[in-house]
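Colleague: Provide a 3D model corresponding to the input given below.
(one chain, ligands or ions: 1)
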Amino acid sequence: MYGNGESTGARLHGGLTPDEIRATKGRRRLAMLTAYDYPTALALDGAGLDMILVGDSLGEVELGYPTTRDVTRAMMEHHIRAVRHGVSHTHVVGDMTADTYRTPAEAVETARALIAAGADSVKLEGALIPQVMAIIADGIPVMGHVGLLPQTAVERKRLGKTDEEADRIVADTIALDEAGCYAIVIEAVDPVVAQRATDAVDAPTIGIAAGIGTDGQVLVSTDLLGQLPNPPRFVQPKANLAQLVADVGREWVAEVRTPVAEAVAS
Ligand code: KIV
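Modeller: Below you'll find the model as predicted:
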């Protein structure tokens, strides 16, 4: 159960509650995809996902910025609103953007803003336990995120190869679980270490580039749908939407340019 019942709290719009998500541990695997806009959200709401994440990957894959650090809180609120308009059956997670949760007070303010925009819960990067506890005390459910933390990482590489790194990742996962996170993303971590962290906690873990031993999987939808060139190596795109869009565009251009007499005759 979340919060002390005295605060703004989260309004659930449909989809699983955080307690229901937490209770899936050991029973079934969780599936989460990102979405950033209304049409994608509308389509994915019927896909049977457990959660839709409005991730700060928004910056790189939707807005064309070089890093997730370029995403502001206002941008995130804007995209959460768009996704919310399309989603009524799936839990929506709003990602807290870089430098918007430097203190517990700032974290609560940001979390409230994302909930007001339409998120059902929030996600933040790292084992920032005072921030996580303050948000949960405010009645807002929190998803944790360990391993590679794109907002602060100097380099994008798989972590957990040294004993020190591995122990840190497992300890962070346990700390977030004990602080009350209802689920925890494990990103770009050696599969053996991700499995160790998964076995050490009650909250379900949701992996990305962390092997198959986690309690669920998350992917960036634009990678899965083939919307951008050069998807990460761990993703097998299931469509080539970039090609489809180009083909449809080309076909329509040809139609528009068909000479008028020819078009009338057909
Ligand atoms: O921003 C994002 O899309 C994420 C996922 C990779 C978990 O944080």
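Colleague: Correct me if wrong: H13 contacts S88.
Modeller: Yes - counting by CB atoms under 8 Å, H13 touches S88, with 6.3 Å between them. Where you see a C-beta, it was placed from the backbone N, CA and C, and this is true even at glycine.
Colleague: what does stretch 54-62 contact?
Modeller: Contact partners of stretch 54-62, identified using CB atoms under 8 Å, 6 or more residues apart in numbering, comprise 34-37, 65-71, 75-76, 79-80, 83, 92-95, 97-98, 119, 123, 150-151, 220, 222-223, 227-228.
Colleague: can you check stretch 235-242 too?
Modeller: L219, V220, D223, L224, L225, G226, Q227, L228, P229, P231.
Colleague: again, only this time at 10 Å
Modeller: 208-209, 219-229, 231, 246-247 (CB atoms under 10 Å, 6 or more residues apart in numbering).
Colleague: Show me the contacts of stretch 54-62 that map onto strands.
Modeller: Using DSSP state E, the members of those that fall in strands are T34, V92, V93, G94, D95, K123.
Colleague: which one of the residues you listed has the most neighbours?
Modeller: G94 (31 neighbours; other CB atoms under 10 Å).
Colleague: neighbours around the closest residue to that residue other than its chain neighbours, how many?
Modeller: Nearest residue to G94, sequence neighbours excluded (CB to CB, 6 or more residues apart in numbering): A119, at 3.1 Å. A119 has 31 neighbours, counted by other CB under 10 Å.
Colleague: Could you verify my assumption that A119 touches T90?
Modeller: No - A119 is beyond contact range of T90, at 11.8 Å (criterion: CB atoms under 10 Å).
Colleague: Common neighbours of those two, please.
Modeller: H13, I52, V83.
Colleague: Turn these into a markdown table, columns for distance to the ligand.
Modeller: Listed next are those as a markdown table, based on distance: CB to the nearest ligand atom, whole Å:
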| residue | distance to the ligand |
| --- | --- |
| H13 | 21 |
| I52 | 11 |
| V83 | 13 |
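Colleague: Any of these buried? List them.
Modeller: Buried members of the shared contacts of A119 and T90, counted by 16 or more other CB atoms under 10 Å: I52, V83.
Colleague: and this protein, which of its residues are near the ligand?
Modeller: Contact residues, the chain versus the ligand (CB under 6 Å from any ligand atom): T34, L53, G55, D56, S57, D95, V185, E187, I208, V218, V220.
Colleague: burial count for the closest residue to the first one other than its chain neighbours?
Modeller: With CB to CB, 6+ apart as the criterion, T34 has its nearest non-adjacent residue at 4.4 Å, and that residue is G55. By the criterion of other CB under 10 Å, G55 has 29 neighbours.
Colleague: Sounds good, over and out.
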